[in-house]
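Q: heads up, no residue letters with this:
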């Protein structure tokens, strides 16, 4: 084997290893339990989907629990039926009643649990979305954190409860978080609040047409970013190889 061939093989190995590492990191980052869309408007009604991917190759997800924040309760919570899954809703008495058009509300939904029926599951390489309609969203906070538990059929429980902090690396098991933005000063509906991202019109976002488009955009952006990094790594490796070839020819 001559020197040029050895250099070529070595460069190809480095490029392949770097590309594999980048793709693996991107895959791990996208496997979190998340809420989609991840942004809505304060005071509005919206539909969110809790997206649950299966991170394991040897077992399936059969139970998902999502806690709604007790310090920022929501008066109206409804769950879209999902074939193959049974949803159970838990309510808690509020320390401070909520005021609504129908009067005082003294309890609110604080937990939703989805349990797979016999034969249902989220298998390896799959994900499932669990739709929930919420409103009106709180107007006194910039975000809502939904801590979640993911249970596999072998008994393992993954706790998605870590709260991300600004300026710090993302935690290993971040809790799904919905960012809340200020309502527009003019226009909108639901008592003056602008419609939330992903909300369907006229029925508090319960309509089937309300697709989590923001989530798709986020996934597309992530995929394009990964592809760009990989192309850059490959280009750098080929550039180094070309310089070495020219150097060898000159000598």
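A: Cool, got the structure. The model shown is predicted, which means the values in this text are computed figures rather than measured ones.
Q: now do the contacts for the closest residue to residue 138 other than its chain neighbours.
A: If the residues on either side of it in the chain are set aside, residue 138 comes closest to residue 72, at 4.1 Å by C-beta to C-beta, 6 or more residues apart in numbering. For every residue, glycine as well, the C-beta is placed using N, CA and C. Neighbour list for residue 72: 138, 140, 141, 144 [criterion: C-beta atoms under 8 Å, 6 or more residues apart in numbering].
Q: so the third one makes contact with residue 178?
A: What that stands for is residue 141. No: if you go by C-beta atoms under 8 Å, residue 141 and residue 178 don't touch, sitting 10.1 Å apart.
Q: between those two, which one's more packed in?
A: residue 178 (22 against 13; other C-beta atoms under 10 Å).
Q: what's opposite that one in the beta bridge?
A: Counting by DSSP bridges, residue 178 forms beta bridges with residue 144.
Q: distance check, it against residue 60.
A: 27 Å (C-beta to C-beta, to the nearest Å).
Q: repeat for residue 35
A: 22 Å.
Q: residue 74 now?
A: Using C-beta to C-beta, residue 74 is found at 31 Å from residue 60.
Q: which one's more surrounded, those two?
A: Using other C-beta under 10 Å, the more surrounded residue of residue 74 and residue 60 is residue 74, with 21 against 16.
Q: the residue nearest to the more buried one when sequence neighbours are not counted: neighbour count?
A: Nearest residue to residue 74, sequence neighbours excluded (C-beta to C-beta, 6+ apart): residue 134, at 5.0 Å. The number of residues packed around residue 134, counting by other C-beta under 10 Å, is 25.
Q: start the count at 668 instead of 1 going forward.
A: With the count now opening at 668, the last piece we talked about shows up as residue 801.
Q: residue 771 contacts residue 761, doesn't it?
A: No: using C-beta under 8 Å, residue 771 makes no contact with residue 761, being 9.6 Å away.
Q: neighbour count: these two, which is higher?
A: Neighbours per residue (other C-beta under 10 Å) separate residue 771 from residue 761, with residue 761 holding more: 16 against 9.
Q: what about that one, which SS state?
A: strand (DSSP: H, G, I helix; E, B strand; the rest coil).
Q: list the contacts of it.
A: Residue 761 makes contacts with 740, 772, 773, 774, 775, as judged by C-beta under 8 Å, 6+ apart.
Q: related to what we said a few turns ago, in the contacts of residue 739, find the pair that's most separated.
A: Distance extremes for the contacts of residue 739: the farthest pair is 807 and 811 at 11.2 Å, using C-beta to C-beta.
Q: between the two, which has more neighbouring residues?
A: Counted by other C-beta under 10 Å, residue 807 and residue 811 do not tie: residue 811 has more neighbours, with 21 against 9.
Q: on the pLDDT front, check residue 850 for me.
A: pLDDT for residue 850: 86.
Q: kindly apply the preceding question to residue 705 instead.
A: pLDDT, read off for residue 705, is 96.
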